[in-house]
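Student: With the input below, show me the fold.
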Amino acid sequence: MTSYRRIVTGINAEGRSEIQQDGPPSSILNTPGGGQIIELWRTGAPCDLMASIATTDAEPVAFAPLPGGTSCRVVRIPPDSKRWGAGLASADLFAAMGASGARSGDQARHPGMHVTPTIDYVCVIRGEIVAVMEDNEARLAPGDMLVQRATVHAWKNETDDYAEMFVVMVGIDHQAR
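Tutor: Modelled structure (predicted):
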């Protein structure tokens, strides 16, 4: 699988721009069933450019940012045969991500149905993934982008390989249903 390098800019004591961090992201959540969330950077709420939260090993990956906050991450989704075929319960998956309340919608349609109070900008960077909505779905390939607007959804991987998505999440003031 791909390894990622995170380079972060900032302003030094003399008021000049510089590279302040260069290395691998340190905050990674390995989810039950073989998935992974690689948190590259996140900001608190309200977003303060220079006071952004640099993820560290001491800071766990948050399932979704608070209203006004952001999250920039890579999400790796294993094949469904590995993730759900091993008897993984969706309640266990969401609990491991600290998001027990995110499960929503018709679990019979897909066990991963959930909603987050966010607007997400998703770009598939590797593999194929299916965005499952309550009434329909769309197959996404590398280069395809999806704007997820706080709607009930799930991710289905019908292939034999991992899918990777680059995701920017923006926390909004929205009541999940």
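Student: do you know how far N30 is from G171?
Tutor: 24 Å (CB to CB, to the nearest Å). C-beta coordinates here come from the backbone N, C-alpha and C atoms, glycine included.
Student: what's the answer for E158, then?
Tutor: E158 is 30 Å from G171, where distance means CB to CB.
Student: So for the two, which sits in the more crowded spot?
Tutor: Higher neighbour count among E158 and G171: G171, with 24 against 12, using other CB atoms under 10 Å.
Student: show me where pLDDT drops low in this structure?
Tutor: 1, 45-59, 85-88, 175-177 (pLDDT under 70).
Student: Look at the most centrally placed residue in it and give its secondary structure.
Tutor: Nearest residue to the geometric centre of the chain (CA atoms, centre = their mean): V75, 5.0 Å. Secondary structure state of V75, per DSSP: H, G, I helix; E, B strand; the rest coil, is strand.
Student: you'd agree it is up against V167?
Tutor: Yes: in this structure V75 lies within contact range of V167 using CB atoms under 8 Å: 5.5 Å.
Student: which stretches of this protein form strands?
Tutor: 6-11, 17-23, 27-31, 35-43, 70-77, 118-126, 129-132, 137-140, 145-149, 154-156, 163-171 (DSSP state E).
Student: quick one: the fifth one to chain centroid distance?
Tutor: In this view, strand 70-77 has its centroid 3 Å away from the chain centroid, taken as CA atoms, centre = their mean, to the nearest Å.
Student: Measure how buried R5 is and give me the count.
Tutor: 9.
Student: Please verify my assumption that it contacts D22.
Tutor: Yes: taking contacts as CB under 8 Å, R5 lies within contact range of D22: 7.2 Å.
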